[in-house]
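Visitor: Sequence and computational prediction follow.
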Amino acid sequence: MARKIVLRQLAMGPRTRRQLEDKLRDRDCDPQVAARVLDRMSEVGLVDDEAYAEMYVRSKQETKGLAATALRQELRQKGVADELVDATLQDIDPEQEKEQARALVSRRLRTMRGLDREVQTRRLAAFLGRKGYGAGVSYQVIREALDHLPEHGRD
């Protein structure tokens, strides 16, 4: 039964070992049986937290534009070990992350035409904060973007 539950979960998409353990616990599977099944699934490569973390980071950066801080938090919530999280996130280039923030700001600014500079700054900073970007990067990118808008041109 535990094997079927795990395979059904994996058929829906990749899962971390802890996510699968939680599902088996929710279904009242014997912990020893669950451990054996998950060990076997790990041996054959169906459960691989390292591969999961790499795929998750790549996907969330491309689709949601998440920064390392947000990715770290999400991976930890999914049960990925801190060492794996650190190893996966060490490859993120700060300059690439800044470019990602610039692209997000540029897209979001299209919906904010005509608003006061302060309002735009506040909304963009909150937006980037939810994506995991630090205040330093956020305000630098926002200031650059707003300075290039004709409506906020320096006199």
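Guide: Yes, it's here.

Visitor: Residue 76 touches residue 82, doesn't it?
Guide: Yes. With contact defined as CB atoms under 8 Å, residue 76 counts as touching residue 82 (7.1 Å). In this view, the C-beta of every residue, glycine as well, is placed from N, C-alpha and C.

Visitor: joint contacts of these two?
Guide: Shared contacts of residue 76 and residue 82 (CB atoms under 8 Å, 6 or more residues apart in numbering): none.

Visitor: Tell me the pLDDT of residue 152.
Guide: pLDDT for residue 152: 66.

Visitor: Could you spell out which stretches of the chain belong to which domain?
Guide: 2-43, 49-89, 94-152 (automatic domain parsing).

Visitor: which residues touch residue 40?
Guide: By CB under 8 Å, 6+ apart, no residues touch residue 40.

Visitor: helix, strand or coil for it?
Guide: The three-state assignment at residue 40 reads helix, by DSSP: H, G, I helix; E, B strand; the rest coil.
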